[in-house]
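> I'd like to go over a predicted model; first the sequence, then the structure.
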Amino acid sequence: MVLESIINVNIAEKRPVYLFFLAFVVSTVSMFAAYNLFPESSSVLKIAFITVAFMPILHALYLREEQVEVDENDVPFAFISTHFEVIHIYGWIFLGMMVSFALWTAVLPETTQNCTGAQCMLPPKSIVFSEQEKVRYGITGKVIGEQECFSDGTKSFEQCFGLIFTNNLWVLVLAILFSFIWGAGAIFLLGWNASVIGFFIGTEITQKSLVAGIERGISYLPHGIPEITAYFIAAIAGGIISAAISKQQFKKHEIRIVILDTILLILLGAIMLFIGAFIETAEIFAYWDAALGGVIAFIALFFILYFPAVRYRINKMHLAQKQAAQK
């Protein structure tokens with residue numbers, strides 16, 4: 001495919017920031033293509049187009065990750081050391097999609113009725129983001145989780161936390177299943193989340209100001225980073241299983257390592273979701289000390305996982321240097 005010729009797996013691993021710009025362009029092209037082909041379904045179809053575009057790159061990445069994971073069977077908790085590059089790659093793709101959707105939400109006209117000139121060539125925001133607009137409000141117009149999280153007479157920290165954590169855990173399960181069944185299918189869920197967040201930020205810019213939009217984006221960071229990272233990890237877990245099965249030929253210890261690391265990845269994702277849900281609930285109830293404690297817990301967890309990854313890279317560099325010196 002064209003994207004594979006532009007950015008292959010090696011470039012994606014060495015320069016993951018390139019994927020930010022690629023995701024921005026792909027998101028934009030997908031949105032215009034979806035609107036021109038099936039306008040009434042474009043709010044979801046554009047995510048499907050993005051998924052199809054990135055699946056070959058991500059599937060090739062999963063194949064390499066699975067092989068590296070198996071080759072490092074003597075490294076304790078190999079998943080900690082080998083998968084941080086993929087998390088970075090997912091992060092840049094997600095950020096590129098989110099920025100693209102935020103920009104187009106702020107730029108596109110609400111409708112093309114009574115339009116003039118070049119404005120008539122732009123897809124209306126009310127159509128290409130119609131499903132994203134429904135996320136916050138249901139058919140009744142009530143905020144999701146209103147009774148558990150917002151109504152003075154019925155809200156409860158425990159019930160609000162349970163609702164948020166359960167909803168996010170379901171998305172985690174879907175991310176695993178999507179990646180397992182379709183290889184890199186979890187990019188669809190990540191693209192959907194990026195479109196929703198981008199739409200909210202873009203709407204804030206349109207209704208208020210650029211500063212308000214940036215502030216809205218920043219407000220998502222404390223609970224959003226743990227949650228989105230958990231979805232990245234779930235996507236990796238499902239994708240590696242899918243890549244291992246697609247090979248159809250296995251080394252003696254391969255299945256055991258893949259299953260063990262996949263279970264550890266899923267547990268890690270669930271822990272990050274727990275932290276993210278706690279932070280989000282604490283923010284809703286204005287328990288700022290508790291929210292800060294959750295942020296500190298996530299940062300501590302990140303560094304506990306990241307230091308072995310750094311040590312792993314250093315050891316690999318030293319080994320490569322020794323092998324080069326011996327030749």
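Nice, I can see it. Numbering: from 1, shown residues only.
> pLDDT score assigned to the residue positioned nearest the centre of the chain?
Here the mean C-alpha position of the chain is nearest to the C-alpha of Leu190 (Cα atoms, centre = their mean), at a distance of 4.1 Å. On pLDDT, Leu190 comes in at 88.
> try Ala186
On pLDDT, Ala186 comes in at 79.
> nearest spatial neighbour of it, chain-adjacent residues omitted?
Distance criterion Cβ to Cβ, 6 or more residues apart in numbering; nearest residue to Ala186, sequence neighbours excluded, is Ala235 at 3.4 Å. To be clear about C-beta, it is placed using only N, CA and C from the backbone, and glycine gets the same treatment.
> quick one: that neighbour is in a helix?
Yes - under DSSP: H, G, I helix; E, B strand; the rest coil, Ala235 sits within a helix.
> that one contacts Leu177, correct?
No - here Ala235 lies out of contact with Leu177, judged by Cβ atoms under 8 Å, at a distance of 10.5 Å.
> tell me how far the residue nearest to the centre of the chain lies from Ser219.
Counting by Cβ to Cβ, to the nearest Å, the gap from Leu190 to Ser219 is 20 Å.
> and Pro56, by the same measure?
Using Cβ to Cβ, Pro56 is found at 35 Å from Ser219.
> and these two? which has more neighbours close in?
Here Pro56 and Ser219 are compared on neighbour count by other Cβ atoms under 10 Å; more neighbours surround Pro56, at 17 against 13.
> which strands or helices does whatever helix or strand Glu215 lives in pack on?
Assigning secondary structure by DSSP states H and E places Glu215 in helix 210-247. Here helix 210-247 touches helix 42-71, helix 84-107, helix 157-182, helix 186-207, helix 254-284, helix 288-326, going by 3 or more Cβ pairs under 8 Å, 6 or more residues apart in numbering; DSSP states H and E.
> try 6 Å
Applying 3 or more Cβ pairs under 6 Å, 6 or more residues apart in numbering; DSSP states H and E, one finds that helix 210-247 contacts helix 42-71, helix 84-107, helix 157-182, helix 186-207, helix 254-284.
> residues making contact with stretch 223-241?
62, 65-66, 83, 86-87, 90, 168, 172, 175-176, 179-180, 186, 262, 265-266, 268-269, 272-273, 275-276, 279-280, 298 (Cβ atoms under 6 Å, 6 or more residues apart in numbering).
> neighbours of Pro222, how many?
Pro222: 18 neighbours (other Cβ under 10 Å).
> distance-wise, check it relative to Ile233.
The spacing between Pro222 and Ile233, counted by Cβ to Cβ, is 18 Å.
> what's around Ile245, how many residues?
If we define neighbours as other Cβ under 10 Å, then Ile245 has 13 of them.
> save the helices and strands packed on helix 210-247 as JSON lines, and put in distance to Asn36 too.
Listed next are those as JSON lines, based on distance: least, Cβ to Cβ, whole Å:
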{"stretch": "helix 42-71", "distance to Asn36": "8"}
{"stretch": "helix 84-107", "distance to Asn36": "15"}
{"stretch": "helix 157-182", "distance to Asn36": "25"}
{"stretch": "helix 186-207", "distance to Asn36": "18"}
{"stretch": "helix 254-284", "distance to Asn36": "37"}
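> which stretches of the stretch 1-150 of the chain aren't confidently modelled?
Under the criterion pLDDT under 70, the flagged ranges of the stretch 1-150 of the chain are 1-10, 12-13, 65-82, 115-119, 136-144.
> give the contact list for the residue nearest to Ile233 when sequence neighbours are not counted.
Among residues not flanking Ile233 along the chain, Gly269 sits closest, at 4.2 Å (Cβ to Cβ, 6+ apart). With contacts defined as Cβ under 6 Å, 6+ apart, Gly269 is in contact with Leu172, Ala230, Ile233, Ala234.
> hmm, try it at 10 Å
Each residue near Gly269 by Cβ atoms under 10 Å, 6 or more residues apart in numbering is listed here: 168-169, 172-173, 175-176, 226-227, 229-237.
> closest to Ala291 out of the helices and strands packed on helix 210-247?
Taking Cβ to Cβ, helix 254-284 is the member of the helices and strands packed on helix 210-247 nearest to Ala291, at 3.8 Å.
> pull the distance from that closest one to the chain's centre.
Distance of helix 254-284 from its chain centroid, counting by Cα atoms, centre = their mean, to the nearest Å, is 14 Å.
> go ahead and confirm Leu163 touches Cys149.
Yes - between Leu163 and Cys149 there is a contact under Cβ atoms under 10 Å: 7.1 Å.
> just list the residues touching Lys134, thanks.
Counting by Cβ under 10 Å, 6+ apart, the residues that Lys134 touches are Ser43, Val196.
> gap between it and Val196?
10 Å.
> do the same with Asn167
Distance of Asn167 to Val196, given as Cβ to Cβ: 13 Å.
> what does Asn114 give?
Computed with Cβ to Cβ, the distance linking Asn114 and Val196 is 29 Å.
> let me know the pLDDT of the closest residue to Ala277 other than its chain neighbours.
Leaving aside its sequence neighbours, Ala277 sits nearest to Phe165 (Cβ to Cβ, 6+ apart; 3.8 Å). For Phe165, the pLDDT comes out at 93.
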